[in-house]
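Trainee: How does the following fold in three dimensions:
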Amino acid sequence: ELAAKFAKFFSGDAPEIDYSAIEQKAGSATRAASATVLAAFADQVENMIVSSADLANSDKTDGFLKKTKAFEKGDFTGQFLQSGVAELTMATIANGMALHGGVIPVVGTFFVFSDYMKPAARLAALQQLPVKYVWTHDAFRVGEDGPTHQPIEQEAQIRLMEKLKNHHGENSMLVLRPADA
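Mentor: Residues are numbered from 1 along each chain as shown. The predicted structure is shown next:
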C-alpha cells in the first residue's frame, strides 16, 4: 500500500476531486471561496503542502491550515509551512519541493508581493514546475493598507509571464483570475 501511494505521489497525476461536492456561499469573496477549496484539498490531497508568507489569515490559506497543522522543529507531520515574511524564500522552497517531486506545493500571499517571488516564479515556469500560487488582494483600488498594497503593475507583469515559453516552446504559466465564487 505504501509503495502504491509512493508511486501515485510521484506520478505527477492530479488527484481526483469532486468539485461539485464543494459548497460555496453565494456572494463570498474569492479568497473565502479559495479557503473553502483549500479546506477540501486538505481532506482529499494527502501530498499537498501549503505555505503562506505570514498572511494565512488574510490570504485565506488558513482554510487548509485549519484542517492540518504547521510544520514545527522536529515534527513534520503537518502539511503547512509558515514561511514568515519571506516570499522569495517561500517560492524557492516550493520550487525545491516540486523538483524533488512527490508533493504538490502551494504558496500564498498578497498579489502585490508577487514582485518578491518573480525570480522563483519565472524559474518555476521555465522548468515546468507545478507550483501553485495563490495571490489575493488583487483589487486595483487603494485598500485599508494603503498604496503599498495596491497591485497596479503586477497584473501586467504576471500576464506577460504567462506568455513565457519553456524549452519545448510551450507557454509555461497559466494565470486564472476568478471573478466570483
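Trainee: Make sure I have this right: residue 109 is in a helix.
Mentor: No - read with DSSP: H, G, I helix; E, B strand; the rest coil, residue 109 is strand and lies in no helix.
Trainee: got the contact list for stretch 90-109?
Mentor: Here stretch 90-109 makes contact (CB atoms under 8 Å, 6 or more residues apart in numbering) with 6, 9-10, 12, 38, 45, 47-53, 55-56, 59-61, 64, 81, 83, 87, 117, 120-121, 123-124, 127, 129-136. Yep, even glycine has a C-beta here, placed from its N, CA and C like the rest.
Trainee: Put the buried members of those residues into a ChimeraX selection.
Mentor: Those of these that count as buried under 16 or more other CB atoms under 10 Å are selected in ChimeraX with:
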select :9,38,45,47,48,49,50,51,52,53,55,56,59,60,61,64,81,83,87,117,120,121,124,129,131,133,134,135,136
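Trainee: Just the element for residue 81, please.
Mentor: For residue 81, the enclosing helix or strand under DSSP states H and E is strand 80-82.
Trainee: Mind checking what helix or strand follows that strand in sequence?
Mentor: With elements assigned by DSSP H and E, the helix or strand that comes after strand 80-82 is helix 87-100.
Trainee: quick one: buried residues of that next one?
Mentor: 87-95, 97-98.
Trainee: Residue 151: which of those is nearest?
Mentor: Nearest to residue 151 among the buried residues of helix 87-100: residue 87, at 13.4 Å, using CB to CB.
Trainee: average model confidence for stretch 1-11?
Mentor: Mean pLDDT, computed over stretch 1-11, is 96.
Trainee: Can you name every helix or strand that the worst-scoring helix or strand of the chain on mean pLDDT contacts?
Mentor: Within the chain, no helix or strand scores below helix 154-162, which has a mean of 89 by mean pLDDT, DSSP states H and E. Packing partners of helix 154-162 (3 or more CB pairs under 8 Å, 6 or more residues apart in numbering; DSSP states H and E): helix 114-126.
Trainee: Name the next helix or strand downstream of the helix it packs on, please.
Mentor: Toward the C-terminus from helix 114-126 - assigned by DSSP H and E - lies strand 132-136.
Trainee: So what are the sheet partners of that following strand and their directions?
Mentor: With DSSP bridges as the test, strand 132-136 is paired with strand 104-110 (parallel).
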